[in-house]
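**Q** below are the sequence and a predicted model for it; my questions follow.
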Amino acid sequence: MMTIFRTLFRKELLDASRDKRSVMAGLYYAVGTPLLMCLLFSVLLKQLSSSDELLISIDNANAAPALVHYLANKDIRQGEGAEVKAIRLVVSTDFQQQLQQGRPATVIIDADRADDQLQTAIRRLERELGRYNSEIATLRLMARGIDPQLMQPIDVQMQDQATPDSRGGTFLGIASLSIILTLFYAAMNLAIDTSAGERERNSLTLLLSQPLSSLQLVLAKIAAIACFSMLGLVVILLVSKFTYGMVPWQQLGFNISLDADFMLFTLLVGLPLALLSASLQVMVSFVAKSFKEAQTYVTMVLLVPVALSMVTTYNIAPDHLQWLPIAAQQQAMIGFLKGSAIAMPQLLVSSLLTLAIFAACSYASSRLLKSEKVVFGL
Amino acid sequence: MIKVTDLHKKIGQVQALNGLSFEAHNGTITGLLGPNGAGKTTCLRTLFGLLKADSGSAEIDSLNVVTQSSQAKQQLGLFPDPFGLYERLTPREYVQFFAELNGMAGKEAKQATDEVLSLLKMQDIADRRCQGFSQGQRMKTALAQAIVHKPTNIVLDEPTRGLDVMSTRLLRDLLLMLKQQGHCVLFSSHVMQEVAALCDQVVVMAAGRVVAQGSPAELCLRTGKTSLEDAFISLIGTDEGIAA
């Protein structure tokens, strides 16, 4: 039994490793994704942490010299040229007069709130205007002999529990998503080639005419593909470690660093997933009648892990989803990176579930290979 | 020895095998002759256990191909059509792989591979990948695969298709050698000259059943014709499919 398996496994490994295009296609993902993520994160971080100076246009600035001066102290200035954000602060003509009479003086913020790129700048301007507001109000109360603290019945204090590492939740989600999906994308071409491809090249019937069981054949194929999945995982971890080190995380006060412990943990958690990925894709490819059909089906089926990973990344998963394969493993990876506790029951249950799906898919594939329709692609 | 008894097999709406029975003995070359669609390939696929017969049985050296599938398959060498080569493997890797699949241990498989590669004079291409091989080189690789584990029975599906004269002669010599060594050689064909030149026994098939069996000379005698081709036409009663 084992000898046949070893022989088949060795041949699958040799054949797949010489299929340079398929191997490279898988590795392109493993190398390219972290680079792309690194670029994306850098752009995002730049947007999130606005530069110190905020340039806007101010209409009728002469009417409110004190306000303009106050804003300038907070690095919000009137500016010209490309650096100026599309925010216009309009000071009403009767500003000075209203202020002197102790009536509300109008300023208008003219900007597009739907524009995500302006969000931070608008909030900052509003915040500073609010502060100016309460500063003047305090002065007025004091002038009338009233303790300004009367205006502050509740003193709200925020004590931030977030550790620097736990702050980058979404970033960690996206990083772990790209890592976990490697297990699926690195295997895709090889899985299709070894099943639908093998049938199309007419070597499947010859193999099945040999003294071996279809389960041995299927398991050897899955084991070989899983090896390449794991290779993809190793590559993406190494490349991620390098590229994420170059993202200017300090701007947001947290850091994503992939240390050796995390890599080992991910490899361990990823192993059952690699088996699931290979067995699922092989099964789908055998169900398809041709190579092209297999490509379509496999792409469609891969939407499921992507979806599971997405809901975990954006933290929109209902509680019971956290027990499912991929979601639980990714949650554990994020937990490990954050340095928070890992939900062990979920991880264990989902790992067992992962192995159960692998067993079911493998068995189903071996049954499929007993069907004349599947073997001859009828 | 290969023995097929009363095989029935329906594929879709077509009754591909309809009570097929024949025997192929050791030390003889048996030709399975029939027009296109006669059921030759279906019969061979049933022998390898790829198709399950609706009824009837097939035996290799008295081993049932369904119930004793592994042992039966070990006694069977298969030269398929199409060959089913692995383009990215070399003939040496390919042949050794099949030797090991058929129960040979590493060293034994390696030695058997060396032997068969030199028997077929393939040393010059043994370590080149199969990609880009000529039809003759492919044929040799497939044949090496079929005989490397020294099975008693060798089954060939349309072996001469697409081969040039040199390759055909080489194949013919090899089949005669296998016969001399006492193997049971069974091949399907629709090329009369091939069958007439090689076969000791001819099984003429039409519509999934045997219409006649005997040596080429016997078949000619029985039908009163001078050539196997005329005998064949007269046996199956129509010239349909002969041209293909």
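**A** Structure's in. What do you need?

**Q** any stretches of the chain with poor pLDDT?
**A** Unless you meant another one, I'm taking chain A. Residues of chain A meeting the criterion pLDDT under 70: A:48-51, A:160, A:162-167, A:252-253.

**Q** chain B is the one I meant
**A** Confidence mapping of chain B against pLDDT under 70 gives the ranges B:238-244.

**Q** flag every residue of chain A that's near chain B.
**A** A:3-4, A:7-8, A:11, A:14-15, A:18-19, A:201-212, A:372, A:375 (Cβ under 8 Å from any Cβ of the partner chain). Every C-beta, even on glycine, is put in place using the N, C-alpha and C of the backbone.

**Q** stretch A:256-272: which residues count as buried?
**A** A:256, A:258, A:262, A:263, A:265, A:266, A:269, A:270, A:271, A:272 (16 or more other Cβ atoms under 10 Å in any protein chain shown).

**Q** which residue packs closest to the third one, ignoring adjacent ones?
**A** Distance criterion Cβ to Cβ, 6 or more residues apart in numbering or on different chains; nearest residue to residue A:262, sequence neighbours excluded, is residue A:336 at 5.7 Å.

**Q** tell me if I am right that that neighbour is in a helix.
**A** Yes. Judged by DSSP: H, G, I helix; E, B strand; the rest coil, residue A:336 forms part of a helix.

**Q** count of neighbours near it?
**A** Residues within reach of residue A:336, counting by other Cβ atoms under 10 Å in any protein chain shown, total 20.

**Q** so who does it touch?
**A** When the contact criterion is Cβ atoms under 8 Å, 6 or more residues apart in numbering or on different chains, the partners of residue A:336 are A:261, A:262, A:265, A:342.

**Q** please repeat the previous calculation with a cut-off of 7 Å.
**A** Under the criterion of Cβ atoms under 7 Å, 6 or more residues apart in numbering or on different chains, the contact list for residue A:336 reads A:262, A:265, A:342.

**Q** what separation is there between it and chain B?
**A** Relative to chain B, residue A:336 is positioned 39 Å away (criterion: Cβ to the nearest Cβ, to the nearest Å).

**Q** can I get the buried residues of stretch A:256-272 in CSV including secondary structure?
**A** Below are these laid out as CSV (three-state DSSP):
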residue, secondary structure
A:256, coil
A:258, coil
A:262, helix
A:263, helix
A:265, helix
A:266, helix
A:269, helix
A:270, helix
A:271, helix
A:272, helix
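
**Q** residue B:80 is in contact with residue B:157, isn't it?
**A** Yes. In terms of Cβ atoms under 7 Å, residue B:80 counts as a neighbour of residue B:157; the distance is 5.5 Å.

**Q** show the buried residues in the residues of chain A next to chain B.
**A** Burial by neighbour count, judged by 16+ other Cβ under 10 Å, picks out A:4, A:7-8, A:11, A:14-15, A:19, A:201, A:203-212, A:375 from the residues of chain A next to chain B.

**Q** mind listing which of these are in strands?
**A** Members of those lying in strands (criterion: DSSP state E): none.

**Q** which residues touch the spatially most central residue of chain B?
**A** Nearest residue to the geometric centre of chain B (Cα atoms, centre = their mean): residue B:156, 1.8 Å. Residues in contact with residue B:156 (Cβ under 7 Å, 6+ apart) are B:79, B:187.

**Q** are we agreed that it is in a strand?
**A** Yes. Secondary structure assignment (three-state DSSP) places residue B:156 inside a strand.

**Q** gap between it and residue B:145?
**A** 12 Å (Cβ to Cβ, to the nearest Å).

**Q** returning to that earlier point: between the contacts of residue A:336, which is closest to residue B:94?
**A** Distances from residue B:94 to the contacts of residue A:336, taken as Cβ to Cβ, are shortest for residue A:265 (40.8 Å).

**Q** which residue is the nearest non-sequential neighbour of the closest one?
**A** Nearest residue to residue A:265 in three dimensions, chain neighbours excluded: residue A:336, at 5.4 Å (Cβ to Cβ, 6+ apart).

**Q** wait, residue A:331 touches residue A:313, no?
**A** No. At 10.0 Å, residue A:331 and residue A:313 do not qualify as touching, with contact defined as Cβ under 7 Å.

**Q** only the buried residues of the longest helix along chain A, if you could.
**A** Ranked by residue count under DSSP state H, the longest helix found in chain A is helix A:214-244. Applying a neighbour-count criterion of 16+ other Cβ under 10 Å, the buried positions in helix A:214-244 are A:214-237, A:239-241, A:243-244.

**Q** quick one, domains of chain A?
**A** Here the domain assignment for chain A is A:2-45+A:167-375, A:54-148, based on automatic domain parsing.

**Q** buried deepest among the ones you listed, which one?
**A** Looking across the domains of chain A with neighbours counted as mean count of other Cβ atoms under 10 Å in any protein chain shown, the highest average goes to domain A:2-45+A:167-375: a mean of 19.

**Q** that domain: how far from the chain's middle?
**A** Going by Cα atoms, centre = their mean, to the nearest Å, the spacing between the C-alpha centre of domain A:2-45+A:167-375 and its chain's C-alpha centre is 16 Å.

**Q** who touches the spatially closest residue to residue A:335 that is not a sequence neighbour in this structure?
**A** Distances taken as Cβ to Cβ, 6+ apart put residue A:342 closest to residue A:335, at 4.4 Å, once the chain neighbours are dropped. Contacts here follow Cβ under 7 Å, 6+ apart; on that basis residue A:342 touches A:332, A:335, A:336.

**Q** which is the next helix or strand following the longest helix seen in chain B?
**A** In chain B, ranked by residue count with DSSP H as the criterion, the top helix is helix B:165-180. Secondary structure here is assigned by DSSP states H and E; on that basis, the next helix or strand after helix B:165-180 toward the C-terminus is strand B:184-189.

**Q** contacts for that next one next, please.
**A** When contacts are taken as Cβ under 7 Å, 6+ apart, the neighbours of strand B:184-189 outside the stretch itself are B:1-2, B:24-26, B:28-33, B:40-41, B:44, B:152-160, B:175, B:178-179, B:195.

**Q** since that was my last question, I'll sign off now.
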